[in-house]
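*Asks:* below is the sequence, then the predicted model.
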Amino acid sequence: MTRLFPFACAAALAASMSFPACSQIAARTTGEAVYDAELTEAISEAVKPVIAPQTTSILVMQSDDVLLEMYPGDGAPDLLNNTRSATKTVVAMAVGAAIEDGYFKSVDDKVWPLLEDKAPEGAGDALTHEMTLRDLMTMSSALHCNDSEDTPGNENYMHEQEVWLPWALSLPSSPGWSRDESGLGPWRYCTVGSFLVGQAIEAASGVKVDEYVRQKIFEPLNIEDYEWFYSPGGEVQTGGGLELTARDLAKLGKLLTDGGVWKGEQVLPAEWVDEMMTVHRRRSDGKGYGYLIWQQEHETSCGPVDAWFMSGNGGNRVLSLKSLDAVVVLTRQAYNTRGMHQQTDDLLEDYIIPPLTCAAD
């Protein structure tokens, strides 16, 4: 069943972002209806097996108003959604906190010296020993790792290991790898690199990375209900699998949209959020990549809208539309299905984003 929380109730609650449940099922009846009854009905049909199947939540905020909150299918406000690789963006946020705390000097800190005591004897090579946080967060490191190909560092091989870190540090460098004029290597999607970033945070801070994220990000945002994924040996999987409610995902999107500020508190340095949300690499299809976060433009009647987003297997998406002061959360469970990300794009471009395009003028 699709549940629509009443817009008047949602808007009144948005300032606190506490999201207590609203029992009435209705569209907003006061003021201008951004998502009117006809549109919400169309969205309800679209998330059936027509456009975006296996959608479990849609949550849209603009400024401090919650304009739309829907839980189709198996979704619910308290459902912990496994958004897979959206986890990576949370880890990039934690790097910014760790730099501010003085655990790292900058994104150009080398990772190998922090982790070499966990590496098997003779592991790595001259190129992997020079890997920096920037290399790993821009998916341009020397690691022979591409999750889209059968490379030694493919994520699937990591999951076969009892303990991941020694295996990850044993990976060779990619044949022919070199840096271009920007100082970065070619872009290759590598979950192992995101895992190594989490391990570097642990080694530098002396705090397990899940606890560090709790202290620096979740606690300030009042995020209390979540689940991490761990290796059989107990290592935190900072490359994917973190489970959060749609409402807490919206808080993370709002934090990015507001330049690291939450309820007046500077949780993350504004300069770090800007650096995260700067295109450092660009994929062949035109999508940009910052620090473990994606970028693309959405064409609208008011011109192109720049979107930065957390993305994960299944069609999951958390968008920060900064020019519109808007956040969109879509959680889906269409894992490992053909066209899952295009389905999410279609839902966004045809139904979700158009009502917002001029709303912030």
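*Replies:* Ah, there it is. Numbering: from 1, shown residues only.

*Asks:* show the pLDDT at the residue nearest to K322 when sequence neighbours are not counted.
*Replies:* What sits nearest to K322 in space, not counting adjacent residues and going by Cβ to Cβ, 6 or more residues apart in numbering, is T257, at 5.4 Å. Backbone N, C-alpha and C define where each C-beta goes, glycine included. pLDDT, T257: 97.

*Asks:* next SSE after the lengthiest strand in the chain?
*Replies:* Taking DSSP state E as the criterion, the chain has its longest strand at strand 303-312. Sequence order places strand 316-321 as the next helix or strand after strand 303-312, per DSSP states H and E.

*Asks:* downstream of that following strand, the next helix or strand is which one?
*Replies:* strand 326-332.

*Asks:* count the neighbours of the residue nearest to K322 for me.
*Replies:* T257 sits with 24 neighbouring residues when counted by other Cβ atoms under 10 Å.

*Asks:* for it, what are its contacts?
*Replies:* 320-322, 325-327 (Cβ atoms under 8 Å, 6 or more residues apart in numbering).

*Asks:* report the buried members of those.
*Replies:* Neighbour-count burial (16 or more other Cβ atoms under 10 Å) applied to these gives 320-322, 325-327.

*Asks:* so, low pLDDT: which residues of the protein?
*Replies:* Low-confidence regions of the chain, defined by pLDDT under 70, span residues 1-33, 300-302, 357-361.

*Asks:* ranges for the strands of it?
*Replies:* Under DSSP E, the chain gives strands at 55-62, 65-70, 81-82, 226-227, 243-244, 261-262, 265-266, 281-282, 288-289, 294-300, 303-312, 316-321, 326-332.

*Asks:* hang on, the earlier thing: partner strands of the longest strand of the chain, with direction?
*Replies:* strand 294-300 (antiparallel), strand 316-321 (antiparallel) (DSSP bridges).

*Asks:* give me the angle between the shortest one and strand 55-62.
*Replies:* Okay, so that is strand 316-321. 10 degrees (axes from the mean of the first three to the mean of the last three Cα atoms, to 10 degrees).

*Asks:* cool, and the longest one?
*Replies:* Counting by the same axes, to 10 degrees, strand 294-300 points 70 degrees away from the direction of strand 55-62.

*Asks:* so who does V318 touch?
*Replies:* 83, 86, 89, 249-250, 252-253, 309-310, 327-330.

*Asks:* what do you get if the cut-off is 10 Å, keeping everything else the same?
*Replies:* 59, 83, 86, 89, 244, 246, 249-254, 256, 293, 308-312, 327-331 (Cβ atoms under 10 Å, 6 or more residues apart in numbering).

*Asks:* now do the contacts for the closest residue in space to it that isn't next to it in sequence.
*Replies:* Excluding its sequence neighbours, the residue lying closest to V318 (Cβ to Cβ, 6+ apart) is M310, at 4.1 Å. Neighbouring residues of M310 by Cβ under 10 Å, 6+ apart: 83, 85-90, 92, 249, 252-253, 256, 292-294, 316-320, 329.

*Asks:* what about D225, how many residues nearby?
*Replies:* Neighbour tally, D225, other Cβ under 10 Å: 12.

*Asks:* run a quick neighbour tally on the residue nearest to it when sequence neighbours are not counted.
*Replies:* Distances taken as Cβ to Cβ, 6+ apart put T245 closest to D225, at 6.3 Å, once the chain neighbours are dropped. If you count neighbours by other Cβ under 10 Å, T245 ends up with 23.

*Asks:* mind listing what the closest residue to L347 other than its chain neighbours touches?
*Replies:* Counting by Cβ to Cβ, 6+ apart, A52 is the residue found nearest to L347 once chain neighbours are left out, at 4.3 Å. Contacts of A52 were listed using Cβ under 10 Å, 6+ apart, and they are 43, 46, 58, 72, 315, 330, 332, 334, 340, 342-348, 350-351.

*Asks:* ok, which of the strands of the chain comes nearest Y35?
*Replies:* Evaluated over these, closeness to Y35 peaks at strand 65-70, with 4.8 Å, by Cβ to Cβ.

*Asks:* just the CA atoms of that closest one, as CSV, please.
*Replies:* Provided in CSV are the C-alpha atoms of strand 65-70 (Å, rounded to 0.1, in the frame of the first residue of the first chain):
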residue,chain,number,x,y,z
ASP,A,65,9.3,22.0,4.0
VAL,A,66,8.7,18.3,3.5
LEU,A,67,6.6,18.3,0.3
LEU,A,68,6.2,14.6,-0.3
GLU,A,69,6.6,11.5,1.7
MET,A,70,5.5,8.2,0.3
